[in-house]
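>>> sequence below, structure please.
(4 chains, ligands or ions: 4)
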Amino acid sequence: MSEPQKKKIVITRFDPDQDEVPKTQEYEIPVQPDWKVLDALNFIKDEVDGSLSHRWSCRMAVCGSCGMMVDGEPKLTCKEALSDYGDTVEIAPLANFPIVRDLVVDLDGFMDKFKSVKPWIIRAKERAVEEGPMRQSPEELEEFKQFSMCINCMLCYSACPVVANEPEFIGPAAIALGHRYNTDSRDEGAAERNEIFRGEGTVFSCSFANECSEVCPKHVDPAAAVNQAKFNAVIDWAQGLILPRGGK
Amino acid sequence: MKHLLLKLEPIIWLLFGQGILLGTLLLTGWVLVVGVLAPLGITPLLSFSDAHELAATLIGRVVLAALIALPLWKGAHHLRHVFIDLGGADRDATVAPLLYLIALAGSVAGVLAVIRL
Amino acid sequence: MPRASHPHAMQPRNPGSTRTAPPQMSPKFPMQGRYRAYTLFDWTGLIYLLLGFLALRVVWALGTGQEAWNVVMDQFQSPVYIGFHVLSLISVIFVGVRFFSFFPKAQPPRIGPVKPPPQPVILAGLYAAWIGVTLVMTLILTGVLF
Amino acid sequence: MIEVLRHDIVIVGGGGAGLRAAIAAVEADPAVSVGLVSKVYPMRSHTVSAEGGAAAVAREDDNFEMHGYDTVKGSDFLGDQDVIQYFVQEAPKELARLEHWGCPWSRNEDGTVATRAFGGMSTKRTWYAADKVGFHMLHALFQHSMQFDQIVRYDEQFVTKLLVDDGVVRGVASLDIREGVVRVILGRAVILATGGAGKIFPFTTNGTIKTGDGMSLAYRAGVPLKDMEFVQYHPTGLPGTGILITEATRGEGGHLKNSKGERFLVDYDYGVGNKAELGPRDMISRAIVQEVEAGRGIQGTYGEYVHLDLTHLGADKINQRLPMVRELAKIYIGVDPVTDPIPVRPVVHYMMGGVDTNIEAETALPGLYAAGECASASLNGANRLGSNSLTECLVFGASAGRNAVAFAKGSSEGNQAALTGQGEEEAARVDALRGRQKGGEKLSHIRQALNATMETGCGVYREQASMDDTVRTVAALKGRYADIGLQDSSKVFNTELIAAMELGAMLDVAEAVAVSAAGRNESRGAHTRKDSTARDDVNYLHHTLCHFDPAGPRLGKKDVTLGKWEPVERKY
Ligand SMILES: Cc1cc2nc3c(=O)[nH]c(=O)nc-3n(C[C@H](O)[C@H](O)[C@H](O)COP(=O)(O)OP(=O)(O)OC[C@H]3O[C@@H](n4cnc5c(N)ncnc54)[C@H](O)[C@@H]3O)c2cc1C
Ligand code: SF4
Ligand code: F3S
Ligand code: FES
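Numbers count the residues shown, from 1 in each chain, chains lettered A, B, ... in the order given. Ligands and ions are numbered 1, 2, ... in the order given. From the prediction side, this is the model:
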């Protein structure tokens, strides 16, 4: 191992059993050159302060649990090299979420929004297993593949100014997910979801800030999804005007 | 009111979108000449009579109506977002209709203006 | 200290029983980093609104007669108006550049049965149209065309 | 008074196996109420990290016989052949279901599902969705499950004990991580789907949640753990982090090279024959260790490694088929596989062993079922073939769900007072552990010591002396564990408390691994001894059972179900 360097890690702490409001705490720790930001947190938890609470699991940027604000930007802490930051690194819980404890935020609100878009294949008639897999060309797969890459890390919610200010807004990842199913050639539920998308707090609430896509660690480009969904919701609506009911 | 607003959302969004798209296309040359170059005397401007003659054609009227109305919708919609971003989501039900009414009034006036040319 | 988000931002339908600290916005909102461009983009709404009404005035004057027209054109020569129009021009260009860079990806890969052209083509088309319309508009208004 | 909740079925675990079980239960009987308890939100379960693929017969040139025999041979003849036959027949149906539920499988030009080659599989039968297969499967399952209101989720709740009354399991005690209270969740049948235990080792592809909780729960409730000595090393993990570089890299044509740039699997004889990189994991892992021992490894910060060379595949193929590998290598080791070889070493990947279950996913404890990595239905025997386990989660998850529903229909509620009493005792135990300042032992230090001894005693190559040593060390660590001190006394989201209980489970599982390993005096599959290099079908063609006993683990045996294929030497 090479000579350990020192860094100051400033962490937002909050324990509802004891604290009125969140406060910050500083830890001065030795760091290794190949560490991710998460490694610093784990070092603090293991060796310095066992009471620090944060979520993580896969440490390979796929489970989506380790999102936090690092120097004011929403990041997956297991993906961010610590060496990319200065001598002092500030770590706070994800913005725009109620804070449960330390770096842990409440994600049930996200789960509610997530479910509201009916994120499952809807078909008029369910296909029997005996009929085997459906066919889908690589081109058809390509149309929605990108939008199926979301790991539900919620970084986009932390970045989106509309999420911050309009509690009804179901937000980028949820809309991207609904759009993912709408563009899947196997799905027949687009009419239903477009109806949802024209309801309160969905696609039209997005002001195309594009922040969601800037911070998405999986290149889902939720801003594209949300705005494509707007387009489709409007077209679907216009069709409904021209051919009432038949437009479905 | 909230319900009505929700129902109209697709139209408003269409107008807003065209406000950005067509609005920007049309406004660039318009502001450049009418607002900057001509007043500074760098370029000439159409005389009143030429302008009137051109504007009164069918295409002229349509373009001018768009030039007036579309930016209003882009403006109203974006100001609504500014207001929400400033923390006003709870009063959106009042503010949004107000802003859209302004845009609507302006649009109606715009149509009148091109009709009476 | 970052600004607070809406107190109910991302709150669940059935909140848990433990006390939570209220959500905070990104410390960079509204004027740091990328947020600056977004905030300014939204504020251009004000300028578009004013431009719409100014255009209304111009057209109204055109319909009223030479007198009214002259009044408007005289006013436009005042430094305040020129300043505003310069700012507007910058805003309009800023809106165009930002919006056109996002627009292609907002177009769904299929609109009904129609497949729109690939994104780079859309982008090129947008810029071509922008430059074309501006050129025509300029030439007409300066009396070169027609 | 402790809060008591009731469901027909309680499922512990929201990974691939748990979610499939929940959906199967509802499919079997739409009136059923399912409680799905998971210590993380289901989409965080470690199934999410699986990269390579899921196996099932799909092509014209393939059949159940071939998939069955590949699996039996891969298991070094320790797999139960009835289980394997059932598995291969159900496999295509399960993967087709997942397709109907929206899993974005990669496709051939004609729109059929694409398949790739995998180690030990004699033809291309591994279905894939680029190299994010587990991710897509888990999210498809989770999202599909959301439409069923009968499935009531208890997210971020940690099951600490199985509640048993009158010899039948009737529910669980579960700690609500957010609120810090223990509740009783009763069910007429309980399914364990808690995943593996790779975290008992220092270098592993497993996430931090894979601590063997469910194995420990069942073990302490009197159900034996089976075949725990068989721990799969994956030949290609990143040094240091242990992050997996999927076997699909080799399936797609990648080469393993030593410090001299030789394809050592071809140049030297390691028993994989002309399969080379497509040989099974245990053999390739051993080959890498031998290369390093022969002085042909490459020295790095975290010990010696070899190279996985993909450069000849070209950027297009890598981007299309292995995008995640490229991303992982760039971020976690600073290498772009398009231009440079990836440093890799064998890392612990999968537990072949687990809660002893039969072909019906039943355990010896009535009402208790287990599926997925935490169970050992004896599909995998002494060595699992890559891409069989994701399918296993589906096949046995589904059967656990269906069978649990059937059992629940005929089962009584049990003695409520006794069950509540057990719950209260459990709550008191958890409360006493939270923030206990008595002991002087540090959690993380015990965990580090455990990791170290497991690596030396139960690594790729094993010997009697070092295994015995590990058995003693783990027992000593259990003693030290009784004396841990904790710093966090808060009730709300106390992750230190969770870590302490997880460490308890890890120690149970580690002990079972070490004791089971020390008791098998032969080399078979992943269990390779330097001091006993041959397979011994006369004395050891049986499963190992490890029973919990407060005085220390007791070993037993269980017959292997043969019948179709006779054991022969395992050569490729
Ligand atoms: C990196 C990697 C790559 C892999 N690649 C492949 C592959 O390509 N092909 C293949 O076939 N297999 C692969 N595997 C193996 C396969 O992914 C796993 O065996 C399988 O996903 C296990 O699924 P599971 O449902 O049993 O457990 P998991 O997905 O691990 O889920 C366990 C669940 O149990 C819950 N839980 C655990 N303890 C408790 C508790 N005390 N209380 C409450 N809940 C609890 C957790 O919250 C979680 O929801 C891979 C494994 C890894 C690690
Ligand atoms: S869209 Fe991107 S940023 Fe948002 S939750 Fe999904 S992966 Fe995370
Ligand atoms: S950041 Fe928010 S406003 Fe729209 S484009 Fe993304 S959802
Ligand atoms: S720990 Fe899983 S995404 Fe970071």
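>>> so which residue is smack in the middle of chain C?
Nearest residue to the geometric centre of chain C (CA atoms, centre = their mean): residue C:95, 4.3 Å.
>>> so what's the residue nearest to residue A:85 when sequence neighbours are not counted scoring on pLDDT?
By the measure of CB to CB, 6 or more residues apart in numbering or on different chains, the closest residue to residue A:85 outside its immediate chain neighbours is residue A:71, 6.1 Å from it. C-beta here means a position set from N, CA and C on the backbone, and glycine is covered the same way. pLDDT for residue A:71: 98.
>>> and residue A:2, by the same measure?
In this prediction, residue A:2 carries a pLDDT score of 54.
>>> buried ones in stretch A:169-177, by neighbour count?
Across stretch A:169-177, burial judged by 16 or more other CB atoms under 10 Å in any protein chain shown covers A:169, A:170, A:171, A:172, A:173, A:174, A:175, A:176, A:177.
>>> closest to residue A:52 out of these?
residue A:173 (27.1 Å; CB to CB).
>>> was I right to think the closest one contacts residue A:154?
Yes. Counting by CB atoms under 8 Å, residue A:173 touches residue A:154, with 6.9 Å between them.
>>> can you list residues touching both of the two?
residue A:110 (CB atoms under 8 Å, 6 or more residues apart in numbering or on different chains).
>>> the helices in chain A, which residues?
Ranges of helices in chain A, per DSSP state H, are A:37-43, A:108-115, A:138-145, A:155-159, A:161-165, A:172-182, A:190-197, A:211-215, A:222-242.
>>> oh, I was asking about chain C
C:34-64, C:66-76, C:79-106, C:119-141.
>>> mind giving me CSV with those helices and columns for distance to residue D:322 and mean pLDDT?
Below are the helices of chain C laid out as CSV (distance: least, CB to CB, whole Å; pLDDT from 0 to 100):
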stretch, distance to residue D:322, mean pLDDT
helix C:34-64, 32, 97
helix C:66-76, 62, 97
helix C:79-106, 25, 97
helix C:119-141, 25, 97
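>>> among these, which is nearest residue D:138?
helix C:79-106 (27.5 Å).
>>> contacts (any at all) between chain A and that closest one?
Yes. Interface with chain A: helix C:79-106 contributes C:102, C:105, C:106 (CB under 8 Å from any CB of the partner chain).
>>> that helix versus helix C:34-64: what angle between them?
On the basis of axes from the mean of the first three to the mean of the last three CA atoms, to 10 degrees, helix C:79-106 is oriented at 120 degrees to helix C:34-64.
>>> what helix or strand does the closest residue to ligand 2 within the stretch 251-400 of chain D sit in?
Relative to ligand 2, the nearest point of the stretch 251-400 of chain D is residue D:327 (13.2 Å; CB to the nearest ligand atom). Element membership for residue D:327 (DSSP states H and E) is helix D:323-333.
>>> does that helix reach chain A?
Yes. Helix D:323-333 is in contact with chain A by CB under 8 Å from any CB, via D:324, D:327, D:328, D:331, D:332.
>>> so what's the closest residue to residue C:89 other than its chain neighbours up against?
The shortest distance from residue C:89 to any non-neighbouring residue, by CB to CB, 6+ apart, is to residue B:31 (5.0 Å). Residue B:31 makes contact with C:51, C:85, C:88, C:89, C:92, according to CB under 8 Å, 6+ apart.
>>> now do stretch D:144-163: distance to the chain's middle.
Chain-centre distance of stretch D:144-163: 20 Å, with CA atoms, centre = their mean, to the nearest Å.
>>> where does chain A dip in pLDDT?
Within chain A, the ranges that satisfy pLDDT under 70 run A:1-3, A:244-248.
>>> if you set the cut-off to 50 instead, what comes out?
A:1, A:246-248 (pLDDT under 50).
>>> quick check: residues of chain A near ligand 4?
Contacts of chain A with ligand 4, taken as CB under 6 Å from any ligand atom, map to A:56, A:57, A:58, A:59, A:61, A:62, A:63, A:64, A:65, A:66, A:76, A:78.
>>> would you format the residues you listed as CSV with distance to residue D:429 included?
Below are the residues of chain A next to ligand 4 laid out as CSV (distance: CB to CB, whole Å):
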residue, distance to residue D:429
A:56, 27
A:57, 25
A:58, 30
A:59, 30
A:61, 36
A:62, 35
A:63, 29
A:64, 32
A:65, 27
A:66, 30
A:76, 36
A:78, 33
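>>> just those residues now: which is nearest residue B:45?
When the residues of chain A next to ligand 4 are ranked by distance to residue B:45 (CB to CB), residue A:76 comes first, at 56.7 Å.
>>> and the spatially closest residue to the closest one that is not a sequence neighbour, what is it in contact with?
Leaving aside its sequence neighbours, residue A:76 sits nearest to residue A:217 (CB to CB, 6+ apart; 4.9 Å). Contacts for residue A:217 (CB under 8 Å, 6+ apart) come out as A:61, A:75, A:76, A:79, A:151, A:153, A:155.
>>> residue A:217 and ligand 1: what is the separation?
18 Å (CB to the nearest ligand atom, to the nearest Å).
>>> for chain C, give the residue positioned nearest to chain D.
Across chain C, the shortest distance to chain D (CB to the nearest CB) belongs to residue C:18, at 5.0 Å.
>>> stretch B:99-106 near chain C anywhere?
Yes. For stretch B:99-106 and chain C, the contact criterion (CB under 8 Å from any CB) is met by B:102, B:103, B:106.
>>> circling back: which ones among the residues of chain A next to ligand 4 map onto strands?
Counting by DSSP state E, the residues of chain A next to ligand 4 place residue A:76 in strands.
>>> what is the nearest of the residues of chain A next to ligand 4 to chain B?
residue A:76 (26.1 Å).
>>> for burial, what's the neighbour tally of that closest one?
Residue A:76: 28 surrounding residues under other CB atoms under 10 Å in any protein chain shown.
>>> pull the contacting residues for it.
A:61, A:64, A:66, A:67, A:153, A:155, A:217.
>>> go again using 7 Å as the cut-off
Applying CB atoms under 7 Å, 6 or more residues apart in numbering or on different chains, one finds that residue A:76 lies in contact with A:61, A:66, A:67, A:153, A:217.
>>> if we can go back for a sec, check the offset of the helix holding residue D:327 from the chain's centre.
23 Å.
>>> any idea of the mean pLDDT for that helix?
For helix D:323-333, mean pLDDT is 96.
>>> now the helices of chain C as JSON lines including distance to residue D:356?
Listed next are the helices of chain C as JSON lines, based on distance: least, CB to CB, whole Å:
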{"stretch": "helix C:34-64", "distance to residue D:356": "56"}
{"stretch": "helix C:66-76", "distance to residue D:356": "89"}
{"stretch": "helix C:79-106", "distance to residue D:356": "53"}
{"stretch": "helix C:119-141", "distance to residue D:356": "56"}
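>>> and chain A, what are its domains?
Per the record, chain A has its domains at A:6-105, A:108-242, by automatic domain parsing.
>>> report whether stretch C:123-143 contacts chain A.
No. Applying CB under 7 Å from any CB of the partner chain, one finds stretch C:123-143 separated from chain A by no less than 13.7 Å.
>>> which phi and psi values does the residue most central in space within chain A adopt?
The centre of chain A sits closest to residue A:154, judged by CA atoms, centre = their mean, with a distance of 2.4 Å. Main-chain torsions, residue A:154, degrees, to the nearest 10: phi 70, psi 10.
>>> pretty sure residue B:71 is in contact with residue B:25, am I right?
No. Using CB atoms under 7 Å as the test, residue B:71 is too far from residue B:25 to be in contact (11.2 Å).
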